[in-house]
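Trainee: predicted coordinates and the sequence they were generated for:
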Amino acid sequence: MEVVAPFKEGEDFIKEAGGEVVKLCFQCGLCTTTCPWNIVRKFIIRKMLRQAQFGLTDFDDEEWWLCTTCNACVRRCPRGVGITDVMEAIRRIMVQSGIVPASLHSAMASLGGVGNPMREEREKRADWAQGLEVKAFTPGTELLYFPCCVPAYDSRVRNVARATANILQKVGADFGILGVKESCCGESVRKGGNESVFLSLAQSNINAFVEAGVKKIVVTSPHCYSTFKSEYPELGGNFEVIHFTQYLAELLREGKLKLEKELKKRVVYQDPCYLGRHHGIYDEPREVLSSIPGLELVEFPDYRESSICCGGGGGRIWMDTKKGERFSDIRLEEAVELGGNILAVACPYCMLNFENSVLTVDKGDVIEVKDISELVQEAM
């Protein structure tokens, strides 16, 4: 195995992204036992941290691209090591060296060229809203709805954005969209190590938001939520950000949202990593689901802080994952074993992965995958 000797640029990157904290690692191995990859294959995180500690990193090792940044290891680390930050730092070095998985490279090129990872035309970004009479955001509008690239462009997930817009209209929310003026939030490309493309996307969005007079943003994706809330402020983008499940919970508490139609289904809820472990949002999605008449909410044995990642974070939503190594397949099988009719999600990446798993494990006649917004729309 070829080992790359340390060099100053790499050392600086690792230090800036939390690599200095890696020196606190005392090789207890909790990160390795916590990582979901060890359910499907051998992935020794402490070995990689050891390499980073001494600046001896094999940049050709595919394992640096496995991390989904689910944050399970960070939550359990007794020394507070920012393990996902170290992974991201190494990836930045690899990207600058031209070492990127082909599928991720394609997504990065598309993000840099047309502002979305799917090679779709920017002019089509608002096509999901056709026929809904959704207005363009103008100064003075209360809410900007930011749907995420996946619901905006992927036909399998488009109903999530449409359901969200329908609900916002029915409760009388003053909202609008920016359509072609918006770009991808940049989360996946930053976690994939391409800092320059992230900065370009982020600055483009911040400029568009400021020019339009945006103050408050409601988002579909936990990845957009995390990026707007935690990363845009360092670039001067300070906006109030709320995930749609939080918004729905607020409406329910205020009596502005009435759910009256029964949905007699057994529903298993998947905690998105970027909503749960990254930001501690566990209660609101459950509050919304529990408010739907007739719905029976069932929990995975490992849920909330212990929930298993779907496999889409850290840029892996755009990378190839071998059959037999897909966390979403395992999770879907568990939901079926629990007798679930519906696997409920609150993240477009989860939706994509679980929709693929329904086909992979041939369970389409047993269980459906639906976003919470779709279930609320049915119950209104």
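Mentor: Cool, the structure landed.

Trainee: ok, and the closest non-adjacent residue to the spatially most central residue of the chain?
Mentor: Nearest to the mean C-alpha position of the chain, by C-alpha atoms, centre = their mean, lies residue 223 at 3.6 Å. Sequence neighbours aside, residue 187 is the residue nearest to residue 223 in space, at 4.3 Å (criterion: C-beta to C-beta, 6 or more residues apart in numbering). Using the backbone N, CA and C atoms, a C-beta is placed for each residue, glycine as well.

Trainee: wait, that neighbour sits on residue 227?
Mentor: Yes: here residue 187 lies in contact with residue 227, judged by C-beta atoms under 8 Å, at a distance of 4.3 Å.

Trainee: now residue 360: how far from residue 366?
Mentor: Distance of residue 360 to residue 366, given as C-beta to C-beta, to the nearest Å: 13 Å.

Trainee: same deal with residue 252?
Mentor: 30 Å.

Trainee: those two: which has the busier surroundings?
Mentor: Remark: of residue 252 and residue 366, residue 252 carries more neighbours, 18 against 14, as counted by other C-beta atoms under 10 Å.

Trainee: that one contacts residue 292, correct?
Mentor: No: taking contacts as C-beta under 8 Å, residue 252 lies outside contact range of residue 292: 10.2 Å.

Trainee: sorry, back to before: same for the host helix or strand of the residue nearest to the centre of the chain, what does it pack against?
Mentor: Counting by DSSP states H and E, the element that carries residue 223 is helix 222-226. In terms of contacts (3 or more C-beta pairs under 8 Å, 6 or more residues apart in numbering; DSSP states H and E), helix 222-226 is packed against helix 187-191, strand 240-243.

Trainee: alpha carbons of that helix, in PDB - could you do that?
Mentor: Provided in PDB are the C-alpha atoms of helix 222-226 (Å, rounded to 0.1, in the frame of the first residue of the first chain):
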ATOM      1  CA  PRO A 222     -32.100  18.400   6.700                       C
ATOM      2  CA  HIS A 223     -29.000  18.900   4.600                       C
ATOM      3  CA  CYS A 224     -30.100  22.300   3.500                       C
ATOM      4  CA  TYR A 225     -31.200  23.000   7.000                       C
ATOM      5  CA  SER A 226     -27.800  22.200   8.400                       C
END
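
Trainee: now what about that helix, what contacts it?
Mentor: By C-beta atoms under 8 Å, 6 or more residues apart in numbering, the list of residues contacting helix 222-226 from outside reads 146, 148, 185, 187-188, 219, 241-243, 272-275, 278-279, 281, 313, 346-347, 349.

Trainee: with stretch 368-380 instead?
Mentor: By C-beta under 8 Å, 6+ apart, stretch 368-380 touches 157, 159-160, 163-164, 166-167, 170, 220, 244-245, 248, 257-263, 267, 285, 288-289, 292-293, 295, 341-346, 348, 351, 354-355, 358.

Trainee: run the chain-centre distance for it.
Mentor: Remark: stretch 368-380 is offset 19 Å from the chain centroid, using C-alpha atoms, centre = their mean, to the nearest Å.

Trainee: low pLDDT regions in the stretch 1-150 of the chain?
Mentor: Scanning the stretch 1-150 of the chain for pLDDT under 70 picks out 1-23, 52-61.

Trainee: where along it do the strands fall?
Mentor: Taking DSSP state E, counting those that start in this stretch, the strands of the stretch 1-150 of the chain run over residues 143-146.

Trainee: ranges for the helices of it?
Mentor: Assigned by DSSP state H, counting those that start in this stretch, the stretch 1-150 of the chain shows helices spanning 8-16, 30-34, 37-40, 45-54, 72-76, 83-96, 102-114, 149-153.

Trainee: tell me which of those helices sits most buried.
Mentor: Counting by mean count of other C-beta atoms under 10 Å, helix 149-153 has the highest mean neighbour count of these, with a mean of 25.

Trainee: hmm, back to that, ok, the residue nearest to the centre of the chain to residue 273 distance?
Mentor: For residue 223, the distance to residue 273 equals 9 Å [C-beta to C-beta].

Trainee: name the residues contacting each of the two.
Mentor: residue 313.

Trainee: tell me who's in contact with the closest residue to residue 318 other than its chain neighbours.
Mentor: The shortest distance from residue 318 to any non-neighbouring residue, by C-beta to C-beta, 6+ apart, is to residue 107 (3.7 Å). Residues near residue 107 by C-beta under 8 Å, 6+ apart: 117, 118, 188, 189, 192, 315, 318.

Trainee: and the second one, what does it touch?
Mentor: Translated: residue 118. Contacts for residue 118 (C-beta under 8 Å, 6+ apart) come out as 107, 110, 149, 153, 154.

Trainee: pull out the buried members of the contacts of stretch 368-380.
Mentor: Among the contacts of stretch 368-380, those classed as buried by 16 or more other C-beta atoms under 10 Å are 157, 159-160, 163-164, 166-167, 220, 244-245, 248, 257, 259, 263, 267, 285, 288-289, 292, 295, 341-346, 348, 351, 354-355, 358.

Trainee: just the ones of the residues you listed in helices?
Mentor: Among the buried ones among the contacts of stretch 368-380, the ones falling in helices (DSSP state H) are 159-160, 163-164, 166-167, 244-245, 248, 285, 288-289, 348, 351, 354-355, 358.

Trainee: could you give the backbone dihedrals for the nearest residue to residue 143 once chain neighbours are set aside?
Mentor: Leaving aside its sequence neighbours, residue 143 sits nearest to residue 175 (C-beta to C-beta, 6+ apart; 3.9 Å). Phi and psi for residue 175, reported as degrees, to the nearest 10, are phi -140, psi 160.

Trainee: ok, back up a step: anything in contact with each of residue 252 and residue 292?
Mentor: With C-beta under 8 Å, 6+ apart, residue 252 and residue 292 have common neighbours residue 259.
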